[in-house]
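> Predicted coordinates and the sequence they were generated for:
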Amino acid sequence: MNWREQASRIGLFMLLLTCGLLVFVLGVDYHSRFPTNTSGAYKIGLSAVFLTATVLLRRSERLSAYWRVAFAFFAASLTNVLTWYCAVALRDWLLNLFQLSLETAQGLTVAKLSDALLRVVPMLVLVRLAGDDMGSIHLRKGNLKWGLTIGLLAFVNFTASAVLIAGSQDAAFETMFPDIPWWMAFSLANAFMEEVWYRAIFLERLQPVIGAWPSVWLTAIWFGVSHVFATYVSGVGAFVFAILVFTLGFAFALLIQKTKSIWGAVLFHTASDLHWFIAFGSF
């Protein structure tokens, strides 16, 4: 590969990295570190840009190989629009329906389920409208044996280590256990949502354009950087947390690529989220 080809690949990687940060850092409403996080106009405008790019690239003979990548960014960005305008209303309706509060594990789980629905369902619909099947976002059996084996091993390991950490902090296990099924449901909903949103909708579309390894790196960086701004950690801890999330995101993406399926990564991801609840959220 000559220097021009290398420069072109690096430039494309940086462009895609920037596009992802526009969606997953500047476009989300999980925090308000930037003005764009609380701007509906930004979210709509960004989605419109990606939709326009999708249409133009699909019509171009020379650049048609890139339209599915632009489409993935459009789908991911559009969910930010939907959650900004609809998430609170749907969440409050469900909480009122079941007479729950956000101060409880049940209420938090219902809120997460509403968030997951608003993100995942539109992406699934858009994938079908684009003419692709669910296999294009790894919603297929794949190598289920390896995926579930690794996922289950991670689940047992993370859960056991979380119990050890909680025990060392004198956690009140007798009050913790009733909440564990709800924490598990929350973790599963969040894991499925994030695996589709951050990785599954991108990996198969990025790979023909930048290759398998760069696709893993790219999605892992998005995942890690977006968690620097998590509201439940601060200071130096936020950067340490982002490194942890980056390494996990790298592992999740590799697992999806190697097993050709999302399910092992979802189980692995569920285990890591549940670990956080048991180890640090129970006392």
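Thanks, I have it.

> Could you list the low-confidence segments of the protein?
Applying pLDDT under 70 to the chain flags residues 1, 171-173, 231, 281-283.

> In contact with Ala279, which residues?
Counting by Cβ atoms under 8 Å, 6 or more residues apart in numbering, Ala279 touches Ser161, Ala162, Ile165, Ala166. C-beta here means a position set from N, CA and C on the backbone, and glycine is covered the same way.

> was I right about Leu63 contacting Thr54?
No. Between Leu63 and Thr54 there is no contact under Cβ atoms under 8 Å: 11.2 Å.

> the more surrounded of those two?
The neighbour count for Leu63 versus Thr54, taken as other Cβ atoms under 10 Å, is higher for Thr54 (21 against 13).

> Now do the more buried one against Ala75, distance only.
Applying Cβ to Cβ, to the nearest Å, the value for Thr54 to Ala75 is 9 Å.

> can you pull the contacts of Val233?
Shown in contact with Val233 (Cβ under 8 Å, 6+ apart): Phe241.

> Assess the claim that Ile243 and Gly224 are in contact.
Yes. The pair Ile243 / Gly224 is scored as a contact, 6.8 Å apart, by Cβ under 8 Å.

> Counting by contacts, list what the longest helix along the chain packs against.
With DSSP state H setting the assignment, residue counts place helix 67-98 as the longest helix in the chain. With contacts defined as 3 or more Cβ pairs under 8 Å, 6 or more residues apart in numbering; DSSP states H and E, the packing partners of helix 67-98 are helix 3-24, helix 40-59, helix 105-129, helix 201-210.

> Compare Ile243 and Gly224 and say which is more crowded by neighbours.
Ranked by neighbour count (other Cβ under 10 Å), Ile243 and Gly224 place Gly224 first, with 20 against 12.

> Tell me the spatial nearest neighbour of the more buried one, not counting adjacent residues.
Leaving out its chain neighbours, the residue that sits closest to Gly224 by Cβ to Cβ, 6 or more residues apart in numbering is Phe246, at 2.9 Å.

> can you pull the contacts of the one you found?
Going by Cβ under 8 Å, 6+ apart, Phe246 touches Ala220, Ile221, Phe223, Gly224, Val225.

> If we use 7 Å, what do you get?
With contact taken as Cβ atoms under 7 Å, 6 or more residues apart in numbering, Phe246 is in contact with Ala220, Ile221, Phe223, Gly224.

> ok, which pair from those residues is furthest apart?
Ile221 and Phe223 (7.2 Å; Cβ to Cβ).

> between those two, which one's more packed in?
Ranked by neighbour count (other Cβ under 10 Å), Ile221 and Phe223 place Phe223 first, with 24 against 19.

> pretty sure the more buried one is in contact with Gly249, am I right?
Yes. Under the criterion of Cβ atoms under 7 Å, Phe223 makes contact with Gly249 at 3.4 Å.

> Using CSV, list the CA coordinates for the helix or strand harbouring Trp276.
Using DSSP states H and E, the element containing Trp276 is helix 263-280. Extracted in CSV, the C-alpha atoms of helix 263-280 (Å, rounded to 0.1, in the frame of the first residue of the first chain):
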residue,chain,number,x,y,z
TRP,A,263,-26.4,-13.0,21.1
GLY,A,264,-23.1,-13.8,22.7
ALA,A,265,-22.2,-10.1,22.9
VAL,A,266,-25.6,-9.3,24.4
LEU,A,267,-25.1,-11.9,27.1
PHE,A,268,-21.5,-10.7,27.8
HIS,A,269,-22.8,-7.1,27.9
THR,A,270,-25.6,-8.0,30.2
ALA,A,271,-23.1,-9.6,32.6
SER,A,272,-21.0,-6.4,32.7
ASP,A,273,-23.9,-4.2,33.4
LEU,A,274,-25.3,-6.5,36.1
HIS,A,275,-21.9,-6.6,37.7
TRP,A,276,-22.1,-2.8,38.1
PHE,A,277,-25.5,-3.0,39.8
ILE,A,278,-24.5,-5.7,42.3
ALA,A,279,-21.0,-4.5,43.0
PHE,A,280,-21.7,-0.8,43.3
